[in-house]
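1. Dropping the sequence and predicted coords here.
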Amino acid sequence: MRGAGYCRFGGTLMSRADEQTGQVDAFLDVLWLEQGVSPHTLSAYRNDLEAWSKRLREQGRSLMSPGQEALPAWLDERRAQGYHLRTNARLLSTLRRFYRWALASGAIEHDPLADVALPRVRPSLPNTLDEQEVERLLEAPDVSTAIGLRDRAMLEVLYAGGLRVSELVGLTMDSVNVRQGVVRVVGKGDKERLVPLGEESLYWLESYLRSGRGVLMKDVARPALFPGRGGGFMTRQTFWHRIKHYAVVACIDKPLSPHTLRHAFATHLLNHGANLRVVQLLLGHSDLSTTQIYTHVAQARLEALHAEHHPRG
C-alpha cells in the first residue's frame, strides 16, 4: 500500500497529498496559536505552501523531501516568468519558516533549504511627506470647533511622537503628563514607552483639553483622550478618514497610508541629525533593522537635493 502513495499519519492511513496537507495545517495552527499570526498572513502562507507542494507533485517529489536543487530551479523559472524579486523572497521566507518548524517538530531530519540563500531585496521606501506638507496638514483642521481642535491635537501628537494610529486612538487621560511633556504609549506586544512631546504639540493638546474635550464628551470621566462618536474610543478607520479629509483640505496630492506621519516623524528626525537608535526607541521598534528603512529614505532625500542643487549633480 505504501508503494501506491499512501502512508500512516497520526495512526490513520492517508495519501501522500493528505499527509502534506496535514503538515501544512499543523504548521499554520502553531503560527496561529503560539504567535498570533493574522488570518491574512496565514492565508498567504497557505497559498505559498500549496503552490510549492503542487510544483513538487508535478515532479514526483514530496513536500517533506523536495531535494536541495528543486527550489533554486523553480525560483529561476518564476523570475523568467516575470515574478518580482520581492515576491520570490517572500515565498522563500515562507518555505524557510515551514521547514525550520518541520525540523524542530521532528517531521524531517534535515532542512532542505539550509543552504539556499535569500534573494537580496532593497527595502521599499515608505510614503512620506516633506516638512512643508506636514505643516499644511497640521494646519488644516478648523480649530474654532471642538472637533477641529481635537483633530489638530491628534495630528500634532501623532507627528510629534511618531505614534502608530492604533496607539494614538488608544490613548487615555492617564496616558498624558502635560507637566512633564510626555505621553505613555502602549505599543505592540503591550510594551510601554514614554514619548516626549514638543512645545507645539503640548500647546494644542492643552488647548484641546481646556476647550474641546468637554464639549465632545457627555461624561468627561470616561477614559478616552480623543473620543469618537458617543464618547468612546475612536476607531483607527475613523481617524484615517479624518487624515484623508485634511489631506484634501491641505491640497496634498500624494498616496498616504495610516503610517504617513509616523514615517515623516522618523525621516525628518534623521534628516536633522538624530541618532538611529534614538529613533528606534521613540518608534518602539524592538529590532534596529526595522528602523533602518528610514536611513534609505533620508539617503534618497539627500541624493535628490544633491542632484537638484549641485552644479555637477
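-> Ah, there it is.
2. could you say which helix or strand contains V183?
-> V183 belongs to strand 182-186 when assigned by DSSP states H and E.
3. tell me the mean pLDDT for that strand?
-> Mean pLDDT, computed over strand 182-186, is 86.
4. Could you double-check that G228 lies in contact with M234?
-> Yes - counting by Cβ atoms under 8 Å, G228 touches M234, with 3.4 Å between them. For every residue, glycine as well, the C-beta is placed using N, CA and C.
5. neighbour-wise, which of those two wins?
-> Neighbour count, other Cβ atoms under 10 Å: between G228 and M234, M234 has more, with 21 against 15.
6. about what we covered before: find the residues that touch each one of G228 and M234.
-> Counting by Cβ atoms under 8 Å, 6 or more residues apart in numbering, the residues touching both G228 and M234 are V169.
7. Next, the contact list for P223, please.
-> P223 touches 172-174, counting by Cβ under 8 Å, 6+ apart.
8. in the stretch 101-250 of the chain, which spans are strands?
-> In the stretch 101-250 of the chain, the segments counted as strands under DSSP state E, counting those that start in this stretch are 176-177, 182-186, 192-196.
9. Take these and lay them out in a markdown table including mean neighbour count.
-> Formatted as a markdown table, the strands of the stretch 101-250 of the chain follow (neighbours: other Cβ atoms under 10 Å):
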| stretch | mean neighbour count |
| --- | --- |
| strand 176-177 | 16 |
| strand 182-186 | 19 |
| strand 192-196 | 15 |
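10. Same list (those) but as TSV, adding distance to L256.
-> Output for the strands of the stretch 101-250 of the chain, formatted as TSV (distance: least, Cβ to Cβ, whole Å):
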stretch	distance to L256
strand 176-177	26
strand 182-186	22
strand 192-196	22
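11. Would you tell me which of those gets closest to R164?
-> strand 182-186 (8.4 Å; Cβ to Cβ).
12. What is that closest one packed up against?
-> Counting contacts by 3 or more Cβ pairs under 8 Å, 6 or more residues apart in numbering; DSSP states H and E, strand 182-186 is packed against helix 146-161, strand 176-177, strand 192-196.
13. looking at these, which is closest to Q68?
-> Judged by Cβ to Cβ, the one of these that comes nearest to Q68 is strand 192-196, at 43.8 Å.
14. Tell me the neighbouring strands of that closest one, and mark each as parallel or antiparallel.
-> Taking DSSP bridges as the criterion, strand 192-196 forms sheet pairs with strand 182-186 (antiparallel).
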